[in-house]
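[1] Here is the input, now give the coordinates:
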Amino acid sequence: MAFDWTALLWAFLIFGARILDVSLGVTRIMLMFRGQRKYAAILGFFEVIIFVTALGVVVNSLDNPINLIFYALGFSTGTYVGGYIEEKLALGYSTLLVIPQSEKSKDVADLLRAEGFGVTRMGGEGKMGPRDVLFITMQRRALRTALSLIDSVDENAFVTVMDTKTTYHGMFSSRKMK
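    Prediction:
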């Protein structure tokens, strides 16, 4: 009995199709969360075509469990790949809430501003007394740079990173992406 190369080829095509359609799905969902409905709809169109095609192949060959296994493997791999792609695209905005050590607050704010970030500095009060609270909203792709700058001045600053769905006005254009 000869090995069925055609069946193996179909299994790998199903695997690849699932990686592609699930990656598109993950990216589509992230676009929706970030208010990019038009792009999400376009991705959804291609996602569903690929999904239905791959599902049709599996349903029409339920006597071949390899196709089902590759279908499931493609789904899990696509989830991982989609998350990776979304992270690398870094679409949208993030808002940092930074509570630096009291004596370093002005230095952190000044450095971030010098690097083109818009920083709002407000007073707050914590267990240890008065503290400055810094708010910085930026494009997500600048997040790593901002965190590195904060760490370079105050490695013990308390930082919260929040996804920001929509922004209006503000200081975004002066930040030069490196």
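
[2] Report pLDDT for the residue nearest the centre of the chain.
    Geometric centre of the chain, nearest residue: residue 87, 3.6 Å, by C-alpha atoms, centre = their mean. On pLDDT, residue 87 comes in at 81.

[3] Next: residue 104.
    Per-residue confidence (pLDDT) for residue 104: 89.

[4] In contact with it: list those residues for me.
    For residue 104, the contacting residues are 153-154, 157, by C-beta atoms under 8 Å, 6 or more residues apart in numbering. For glycine as for every other residue, the C-beta is placed from the backbone atoms N, C-alpha and C.

[5] Next: residue 33.
    92, 163, 165.

[6] so where do the strands sit in the chain?
    Ranges of strands in the chain, per DSSP state E, are 93-99, 119-126, 129-139, 158-164.

[7] hmm, back to that, in helices only, show me the contacts of residue 104.
    Among the contacts of residue 104, the members found in helices (DSSP state H) are residue 153.

[8] Between the contacts of residue 104, which sits nearest residue 23?
    Using C-beta to C-beta, residue 157 comes nearest to residue 23 of the contacts of residue 104, at 35.1 Å.

[9] Next up, phi/psi of that closest one, please.
    phi -60, psi 140 (degrees, to the nearest 10).

[10] So which bits of the longest helix along the chain are buried?
    Secondary structure of the chain per DSSP H: the longest helix is helix 5-33. Of all the residues in helix 5-33, those buried under the rule 16 or more other C-beta atoms under 10 Å are 10-11, 13-28, 30-31.

[11] Now find how far off-centre that helix is within its chain.
    Relative to the chain's own centre, helix 5-33 is displaced by 18 Å; criterion: C-alpha atoms, centre = their mean, to the nearest Å.

[12] My understanding was that residue 92 contacts residue 140; is that so?
    Yes. The pair residue 92 and residue 140 passes the contact test of C-beta atoms under 8 Å, sitting 5.4 Å apart.

[13] circling back: mind putting the contacts of residue 33 into JSON lines with distance to residue 79, pLDDT and neighbour count?
    Formatted as JSON lines, the contacts of residue 33 follow (distance: C-beta to C-beta, whole Å; pLDDT from 0 to 100; neighbours: other C-beta atoms under 10 Å):
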{"residue": "92", "distance to residue 79": "20", "pLDDT": "79", "neighbour count": "20"}
{"residue": "163", "distance to residue 79": "19", "pLDDT": "84", "neighbour count": "12"}
{"residue": "165", "distance to residue 79": "23", "pLDDT": "74", "neighbour count": "9"}
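
[14] pretty sure residue 131 contacts residue 97?
    No. The pair residue 131 / residue 97 is not scored as a contact, 11.6 Å apart, by C-beta under 8 Å.

[15] Among the two, which residue is more densely surrounded?
    residue 131 (17 against 14; other C-beta atoms under 10 Å).
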